[in-house]
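Engineer: I would like the atomic coordinates for the input below:
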Amino acid sequence: MNALLPKIDLKDASSFPSRRVEAWKYSDLRKYLREAPALSPSAAVPLVGGGPFEALGGEPMVFVNGRAVGVSTLMASGEQTLRLRYISKATGTGHGTTARISARAGAKLLLLETHEGSGSAYVSHNTLELDVAHDAEVTRIVLIDEPDDAISISQAQVRVEAGGRYRQTVIATGAKLQRLETQVLHFAQGADVRMDAVYALSGSRQADLTSVVQHLAADGLTSQLTKGVVRDTARGVFQGKIVVERGADGTDARMQHQALILGERGEIDAKPELIIYADDVQCAHGNTVGNLDEDALFYMQQRGIPADEARTLLTKAFLIEVVDRIEHEGAREVVREWLTARL
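Structural biologist: You can find the predicted model right below:
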């Protein structure tokens, strides 16, 4: 079975998927983008600020309007921090790029990825090719902050070798159409993958978090927790697929999606899937969508907390469980502050 997600080429409109493509049925790219956009012009790196993770230091890898400012390929060894910045400074044009990162055997890489958008109505398509070697450890944290009229697609292809450890946390705030894909080839034999995400959407923004994890060998572990909140007419999409191939006995794979709709016009589409071809596995998935706990809201108001503040506090408490799973203390605090400011 081929669970690979379709590739996109911004220069070729025939590659733009429509809702007829199963993996894109909730996010019809062709509806918004019928022709290949004009190429975005070159632009300079902003003179002020080094992105949300600047205070954590590390080596920068920067792309502006799809053009590398410095290196676009990295081989990580030892203990290393990398700040991967995709910067969009465009109006009505399109751009894309590919970053390639490999963590060598025994390496410990903290990958701090940001999608920083300014301008309007641009189209961005960024691809990350990430290899996690035997006994390497990679923590990837992604913050996405873009204009509400942008179209943004990020596609990550991750290869986790035997005994590798991969941790991913994505925080998305949506756009006209914002989609973040992660595709993992899981070679198991003790390899451990955790993929978490938060989406917090308002206005008419949409965020689509889609992932495919293919377990290709025995004794692998995957854990996935995604939480989301939508307000107004926003739309959240979660598609998680875990495929346990023949011979991948002993797989332990668990997926959970939980979301809140704060209003009458918001929408959430969720599609968790498990496809199992092996025996002797432990696999489970769950999905819940609802409203804030009215009893908790009433309790807080009875103690003098205004309704709007009470809703914000409950929403934060609901989402912060995902943030608290980030093991790196400095990165966890940056994400907590970044998310809180947007709630």
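Engineer: which helix runs longest in the protein?
Structural biologist: helix 307-323 (DSSP state H).
Engineer: for that helix, buried residues please.
Structural biologist: 310-311, 314-316, 318-320, 322-323 (16 or more other CB atoms under 10 Å). From N, CA and C alone the C-beta is placed, and that goes for glycine too.
Engineer: quick one, helices of the stretch 201-343 of the chain?
Structural biologist: Ranges of helices in the stretch 201-343 of the chain, per DSSP state H, counting those that start in this stretch, are 294-302, 307-323, 329-342.
Engineer: for residue 208, find the nearest of the ones you listed.
Structural biologist: Residue 208 lies closest to helix 307-323 among the helices of the stretch 201-343 of the chain, at 17.2 Å (CB to CB).
Engineer: contacting residues around that closest one?
Structural biologist: 169, 171, 196-198, 200, 225-227, 229, 258, 260, 262, 292-293, 296-297, 300-301, 305, 332, 335-336, 339-340, 343 (CB atoms under 8 Å, 6 or more residues apart in numbering).
Engineer: and the pLDDT at the closest residue to residue 203 other than its chain neighbours?
Structural biologist: Computed as CB to CB, 6 or more residues apart in numbering, the closest residue to residue 203 that is not its neighbour in sequence is residue 232, at 5.3 Å. With respect to pLDDT, residue 232 has a value of 95.
Engineer: residue 295 too?
Structural biologist: Residue 295 carries a pLDDT score of 68 in this model.
Engineer: need the helices of the stretch 201-343 of the chain in a markdown table with distance to residue 78, can you?
Structural biologist: Output for the helices of the stretch 201-343 of the chain, formatted as a markdown table (distance: least, CB to CB, whole Å):
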| stretch | distance to residue 78 |
| --- | --- |
| helix 294-302 | 46 |
| helix 307-323 | 27 |
| helix 329-342 | 18 |
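Engineer: for residue 278, find the nearest of those helices.
Structural biologist: Across the helices of the stretch 201-343 of the chain, closest to residue 278 is helix 307-323 (CB to CB), at 28.7 Å.
Engineer: select only the buried ones of the contacts of helix 307-323 in PyMOL?
Structural biologist: What follows is the PyMOL syntax for the buried subset of the contacts of helix 307-323, where burial is set by 16+ other CB under 10 Å:
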select buried, resi 169+171+196+197+198+200+225+226+227+229+258+260+262+292+297+300+332+335+336+339
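Engineer: list the contacts of residue 23.
Structural biologist: 5-6, 17, 210, 239.
Engineer: so it, which state does it fall into?
Structural biologist: helix (DSSP: H, G, I helix; E, B strand; the rest coil).
Engineer: for the stretch 201-343 of the chain, which residues score under the pLDDT cut-off?
Structural biologist: For the stretch 201-343 of the chain, applying pLDDT under 70 flags the ranges 293, 295, 298-299.
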